[in-house]
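> Would you be able to build a 3D model of this:
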Amino acid sequence: MAQQLASSGALALLATAAALLAASAAWRWTKQRMAQHLARRESRGSRQNQLPRPNHQLLSSMAGNWERKVKAGAPSYSEQFRILKGCKDYDILSTPYAKPSPEAQAKEPGARAIPFSDVYAKSEDRPLLNLETTTMSKDTARIVNYVYCFMRFAIIAGMHVATFFVAPKYFSWGNLGMAMGVYCATGMLGITFCYHRMLTHRSFKCPKWLEYTCAFLGANSGQGEPIEWVSTHRYHHLHCDTPLDPHSPYEGFWWSHMGWLFKTEASLIDYANVQDLKDQFFYKFLEIAFLPWLLALRPYLTYTYCGGWAGLVWSYAVPMVITWHSTFLVNSAAHVYGRRPYETGDLSTNCWWVAAVSWGEGWHNSHHAFPQSARHGLEWWEIDLTWYLICGLKATGLAWDVHVPRRRMPSEKAKALKARQPALVKLTAKFE
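Model (predicted):
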């Protein structure tokens, strides 16, 4: 009887893995088709007569200088959103624009202050960009988008149910230690060390075997495979706090924390900014194999060899939920609460309690001031565990070309140095 159950379970596992592999391949093919269509449309020069007629007088006030300061008279976030709403020109994704004015946003009808902060937010009517630019009809694209977001919601909801309602039944100090170990491996080694500081910002280099190992650990965090994660974060830095930011705090704390995950737009399907990863076979393979491994093979192996349901919940669901929220707090709380010692022009802050749970990522204002720096906690008292790991690897020869700011000016009086920041352009130029 036990052998029959094991055989049935193995067959179910293989069927599930095959279905997930097919779904992953189909989703990847869809994204490639969309990107190819956009490239062909751009090459034909067909942007004319497809764009909305913007308010040029308003757009011309959206210019910024190299420091990306918010000038008097700059438009609000909601005004920028209304201008870009329904735009079909995907070239706007590759161009940085001036930041919206927090003062203007505070005067927007319906805008409310996020509790205990000076940031005023207003939920906008998504999606921002028009999905009709894809090879699919608008209705088909919307259905595909809804299915993808429903799958994401089901996974996230299931992990939270397992963490808060099932895990307490199997609590032990050993299981808690196992969860913290997995959290360290996937959260620090996978996300902050590899996905963020190495792959996204190239703040240091390490051997390929170490890079690929940590990238695999990052995929086990449940935050997506490297190509998707890195592309989204690079767009976040390029369009920080504007309507093109995947998780702008101007749409509310919940939106920037998790809400944006359930309203994925075509803007997040354009992976043109991660060609360095797409050129490597390992990352292209991981893009396809990510879902079958995460949702079928890994749970089966964990259940079989790590203590049944107790091991599955405490080494799979619990660390995944902790890693999710420690990362999401950087997108939400570290753009609302805390200090802004560097003049970056955006809402990023240095938030000590976010840094404590995210391996040093909470020193977010310093990170936005110096994106290519491998060190985020620039003051001696700003604890940055990921930076300490990089220093240890550098001492052993496993990390090199480590980038840090050449000098640090006194806090509160410092201005962000943007040596490699591309010049901002007027939105008007994109519509003329």
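
> wait, what's in contact with Ala121?
For Ala121, the contact set (C-beta atoms under 8 Å, 6 or more residues apart in numbering) comprises 105, 111-114, 249-253, 255. For the C-beta atoms, the positions are set from N, CA and C on the backbone; glycine is no exception.

> which of these tops the neighbour count?
When neighbours are counted by other C-beta atoms under 10 Å, Tyr250 leads these with 29 neighbours.

> Quick check: the gap between Gly224 and Gly110.
32 Å (C-beta to C-beta, to the nearest Å).

> Those two: which has the busier surroundings?
Gly224 (20 against 9).

> pretty sure the more buried one is in contact with Phe290, am I right?
Yes: taking contacts as C-beta atoms under 8 Å, Gly224 lies within contact range of Phe290: 7.4 Å.

> So which of the contacts of Ala121 belong to strands?
Using DSSP state E, 112-113 are the members of those that sit in strands.

> Show me where the stretch 101-250 of the chain has its strands.
For the stretch 101-250 of the chain, strands defined by DSSP state E, counting those that start in this stretch occupy the ranges 112-113, 120-121.

> any chance of these in JSON lines, with distance to Gly158 and mean pLDDT too?
Formatted as JSON lines, these follow (distance: least, C-beta to C-beta, whole Å; pLDDT from 0 to 100):
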{"stretch": "strand 112-113", "distance to Gly158": "32", "mean pLDDT": "92"}
{"stretch": "strand 120-121", "distance to Gly158": "29", "mean pLDDT": "93"}
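
> Now tabulate those in JSON lines and tack on distance to Ser373.
Shown next, in JSON lines, are the strands of the stretch 101-250 of the chain (distance: least, C-beta to C-beta, whole Å):
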{"stretch": "strand 112-113", "distance to Ser373": "32"}
{"stretch": "strand 120-121", "distance to Ser373": "29"}
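
> now for these, which one comes closest to Pro371?
If you check each of the strands of the stretch 101-250 of the chain against Pro371 by C-beta to C-beta, strand 120-121 wins as the nearest, at 24.3 Å.

> Relative to the closest one, what are the paired strands and their orientations?
strand 112-113 (antiparallel) (DSSP bridges).

> Please enumerate residues in contact with the strand it pairs with?
106, 119-122.

> now, which of these sits nearest Pro96?
Val119 (21.0 Å).

> give me the number of residues near that closest one?
22.

> Need the pLDDT of the residue lying closest to it once chain neighbours are set aside.
Nearest residue to Val119 in three dimensions, chain neighbours excluded: Val336, at 5.1 Å (C-beta to C-beta, 6 or more residues apart in numbering). As predicted, Val336 sits at a pLDDT of 95.

> Backbone torsions only: list them for Val336.
phi -130, psi -50 (degrees, to the nearest 10).

> So it sits against Thr349, correct?
Yes: with contact defined as C-beta under 8 Å, Val336 counts as touching Thr349 (7.0 Å).
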